[in-house]
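> below are the sequence and a predicted model; questions follow.
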Amino acid sequence: METILVLAHTETDGSLAKPALEAIGAAKQLGGAFVVGLVGENVQAAANSIASCGAVKFLGATGADFKQPRYATDAAAAEAVCKAAGAAIVIAPATSRWNRVLAGVAHRLGGRADTHVTAVTAANGAVAVNRWYYRQRMEAVLQRTQRPWVIALESGCCEAWKGSAGSAAVEAVAVTLSDACKRTTVTGIHAPAADQQTIRPDAAMLLVAGAGWTKTQPDGKAHIAEAEKHILDFLRLTKASLGSSKSLVDLSGEGQAVLPFMTHLHQIGQTGSTPRHPKGLSTCCHGEEPHTVGWRFVNERRAIDLDPNCGWARGKADVLYIADAFQVMAKVNELLAAKK
Amino acid sequence: MSIAYQIVVCGSIVPDPLQTLEPVTGPTGPALKNEMMLPAVLDPWAGHALFEAAHLAKSAPGSKVWLASLGPKAKLQQVMMTVAQKVPFELVALDGPAGGFTEAADVAAALADAINAIPGLDKSRLLVFGGWESASRGAGATMQIIGERLGIHDQFQGVDKLTIAADGSLEVLERIEGGIHQVSKCAAPPAVLGWATGNLPEPPNNPQVGMMNMRVVMPALQRAKPAKVAAEGVKFASVTLPKQQRDTRIVKDAPAEEIAKEIVEWISKS
């Protein structure tokens, strides 16, 4: 087996997030020896937390410059760690921080990167990865001859490594940074208030709202306030994550009545996200292919729609309820509230 | 402080999202069935990048937008007939495959060379835009490699907003995990921005802009150099459509109470 490096970065509190532990799980599953390389302001606590993971060596690129996720410094640190490890295969969690830099790092190393990888396997010492093409419409299994091969592993695809903490000896990796690497400064985070955040990647349930919520109802009027109440009540009662069809979030740009809490960040499908949730409930959305490609990794799917010929009926959902979502969701929320 | 930006948008064509796609094995590896027959559109994220570029150019007098696009000439021409009506730009065309199974590194090399060859390119005013991913390969890798090849190390991915401050610095909002944005301040161009959806709606068609653009689009297409884009070193063991056709149970004519009860039971099951 070739030399493997698990390349991870610490979080703002110095810990390792679940995707990093999943990358370690993936490396262990390949069966060979592996090195762990960490990047962050201070990586000792993170290294200690995975001291018993079986890595043959721990490398660390540390310092205040690596606290903030910034392309120039992160790429320099990742490049230095990869070179120090001399790894042929680099497995990294596909976090936004690493996704920003890994392709550039692979280029600097003279290798190649494969991103959004959903599985890493090895047979007879040959590593292969699974990844999706055309926005989750087809899945490929591929191998590469180029080395180093940087693999960005999607979160939720591998079992996270679990084990006891200990004391790890971290070898420091020197990184040379010029002033040009610091032209960008991360100044903060824009996030809704915690109680108003409706995107919850770790939620057990995904609720998708389609444009039907804003359309004219049988009484000849749109009921935006009522729609907002039903959706937000459901999210509050179930702690579900909220998604949207493209048509609903596009309405704001077209000057139509919109749900104020819905943004392009909620968009799921061809030009949106592909979240991973055990269950998903679609409401007032037709379930056409460009939307449902975003549901590829939602295991159990149910939908409420008035159209019996909608996309959900064509093998996209497990159950399709032909009903008025306003009525059904009002009753669902009543029942959920009664259970509390 | 007003800078006249040189904005190069990298973006190619993808099959219309409403088309059914089926993989086939061709002489050089996987491809799409009837790929050349499928109607194509400008990649949606590249489209957002183009509209944002045009918006920025409008607000910074003297700025200019190029669209660097690699694809089969005939398909590019077809797509440009529509795209050219949206916003003013100058096309830099490269003739080569636009399919998802080609290498991001090859595409990036061809596009970086094309950008470097733009006459009068001034890197102190250069912003390289593109989609943060594509609807074909979907790797989110091409823009970073273009940046590396051009020597640009201020890069941002999943961008939803760019604001130019009074001192000429760039404030960039990038998508990160959990539906939130990271805010960064970059001192000045050059920079690479891989756009997510941005904030702008698709501009309406403007025939006058279309006529103006087409005057340079057609010669650009005629001049398009062939680009060597392949997938050397990659061995595809399989490319398959997902076998996730579900046996959908359709519940019709049931009262809302009954449906609600069933949904709540389903939600409650661990």
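It's in. Since we're looking at a predicted model, the values are computed, not measured.

> looking at chain A, which residue reaches furthest from the middle?
Centroid-distance maximum for chain A: residue A:219 at 40.9 Å, with CA atoms, centre = their mean.

> so what pLDDT did it get?
Listed pLDDT for residue A:219 reads 92.

> and residue B:244, by the same measure?
Residue B:244 is assigned a predicted lDDT (pLDDT) of 67.

> residue B:84 now?
You'll see residue B:84 listed with a pLDDT of 97.

> please name the nearest non-neighbouring residue to it.
Spatial nearest neighbour of residue B:84, excluding adjacent residues (CB to CB, 6 or more residues apart in numbering or on different chains): residue B:213 at 3.7 Å. For glycine as for every other residue, the C-beta is placed from the backbone atoms N, C-alpha and C.

> does anything pack onto the strand or helix carrying residue A:119? Which helices or strands?
Per DSSP states H and E: residue A:119 is located in strand A:112-123. Judged by 3 or more CB pairs under 8 Å, 6 or more residues apart in numbering or on different chains; DSSP states H and E, strand A:112-123 is in contact with helix A:18-30, helix A:96-109, strand A:126-133, strand A:138-144, strand A:149-153.

> what separation do you get for the closest residue to residue B:191 other than its chain neighbours and residue B:184?
Nearest non-adjacent residue to residue B:191, counting by CB to CB, 6+ apart: residue B:154, 4.3 Å away. To residue B:184, residue B:154 is 9 Å away according to CB to CB, to the nearest Å.

> who touches both of the two?
residue A:184 (CB atoms under 8 Å, 6 or more residues apart in numbering or on different chains).

> flag every buried residue along stretch A:164-175.
For stretch A:164-175, a neighbour-count test (16 or more other CB atoms under 10 Å in any protein chain shown) marks A:168, A:170, A:173, A:175 as buried.

> can you pull the phi/psi pair for residue 209?
All of this is about chain A. When quoted as degrees, to the nearest 10, the phi and psi of residue A:209 stand at phi -110, psi 130.

> you looked at the wrong chain, it should be chain B
Main-chain dihedrals, residue B:209, degrees, to the nearest 10: phi -60, psi -40.

> residue A:309 too?
phi -100, psi 20.

> state the pLDDT value of it.
pLDDT recorded at residue A:309 is 93.

> can you name the residue of chain A nearest chain B?
residue A:199 (2.8 Å; CB to the nearest CB).

> ok, residue 164 - contacts?
Let's take chain A. The neighbours of residue A:164, taking CB under 8 Å, 6+ apart as the test, are A:51-52.

> you looked at the wrong chain, it should be chain B
Residue B:164 is in contact with B:3, B:56, B:59-60, B:170-171, counting by CB under 8 Å, 6+ apart.

> domains of chain A?
According to automatic domain parsing, chain A comprises the domains A:4-182, A:194-339.

> give me the pLDDT for the residue nearest to the spatial centre of chain B.
What sits nearest the mean C-alpha location of chain B, by CA atoms, centre = their mean, is residue B:46, with 2.5 Å. Looking at residue B:46, its pLDDT is 97.

> for the strand or helix carrying residue B:235, what is the average pLDDT?
Element membership for residue B:235 (DSSP H and E) is strand B:234-240. For strand B:234-240, mean pLDDT rounds to 97.

> partner strands of it and their direction?
strand A:138-144 (antiparallel) (DSSP bridges).

> so which bits of the partner strand are buried?
So strand A:138-144, judged by 16+ other CB under 10 Å, has buried residues A:138-142, A:144.

> near residue 195, how many other residues are there?
Unless you meant another one, I'm taking chain A. 7 (other CB atoms under 10 Å in any protein chain shown).

> that's the other chain; I wanted chain B
As a burial measure, residue B:195 scores 30 neighbours (other CB under 10 Å).

> ok so, going back, how about the buried residues of strand A:138-144 in CSV, adding distance to residue B:103 and pLDDT?
Putting the buried residues of strand A:138-144 into CSV (distance: CB to CB, whole Å; pLDDT from 0 to 100) gives the following:
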residue, distance to residue B:103, pLDDT
A:138, 17, 95
A:139, 18, 96
A:140, 13, 98
A:141, 17, 98
A:142, 11, 98
A:144, 10, 97
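
> go through those and name the one nearest residue A:127.
residue A:144 (8.3 Å; CB to CB).

> secondary structure element for the closest residue to residue B:35 other than its chain neighbours?
What sits nearest to residue B:35 in space, not counting adjacent residues and going by CB to CB, 6+ apart, is residue B:99, at 6.2 Å. Under the criterion DSSP H and E, no helix or strand holds residue B:99.

> ok, residue B:99 - contacts?
B:31-32, B:35, B:136.

> count of residues packed around the residue in the stretch 51-200 of chain B positioned nearest to chain A?
Going by CB to the nearest CB, chain A is nearest to residue B:179 of the stretch 51-200 of chain B, at 2.8 Å. Residue B:179 has 19 neighbours, counted by other CB under 10 Å.

> and residue B:80, by the same measure?
When neighbours are defined as other CB under 10 Å, residue B:80 has 25 of them.

> so what's it up against?
Contacts for residue B:80 (CB under 8 Å, 6+ apart) come out as B:91, B:213-214, B:217, B:221.

> need the pLDDT of it.
Here the pLDDT value assigned to residue B:80 is 97.

> repeat that for residue A:195.
pLDDT at residue A:195 comes out at 79.

> name the SS class of it, please.
Following DSSP: H, G, I helix; E, B strand; the rest coil, the label given to residue A:195 is helix.

> list the buried ones in the helix or strand where residue A:90 lies?
Counting by DSSP H and E, the element that carries residue A:90 is strand A:89-93. Neighbour-count burial for strand A:89-93 flags A:89-93 (criterion: 16+ other CB under 10 Å).

> got the CA coordinates for that strand in PDB?
Extracted C-alpha coordinates of strand A:89-93, given in PDB (Å, rounded to 0.1, in the frame of the first residue of the first chain):
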ATOM      1  CA  ILE A  89      -2.300   9.500  -1.400                       C
ATOM      2  CA  VAL A  90      -3.800  12.400   0.600                       C
ATOM      3  CA  ILE A  91      -7.200  11.900   2.200                       C
ATOM      4  CA  ALA A  92      -8.800  15.100   3.400                       C
ATOM      5  CA  PRO A  93     -12.300  16.000   4.700                       C
END
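
> in the chain, where is pLDDT below threshold?
Chain wasn't specified; assuming chain A. Where chain A drops to pLDDT under 70, the residues are A:252-257.

> to clarify, I was referring to chain B.
Within chain B, the stretches with pLDDT under 70 are B:1, B:244.

> show me the longest strand that occurs in it.
Criterion DSSP state E: the longest strand present in chain B is strand B:155-164.

> with that, I have no additional questions.
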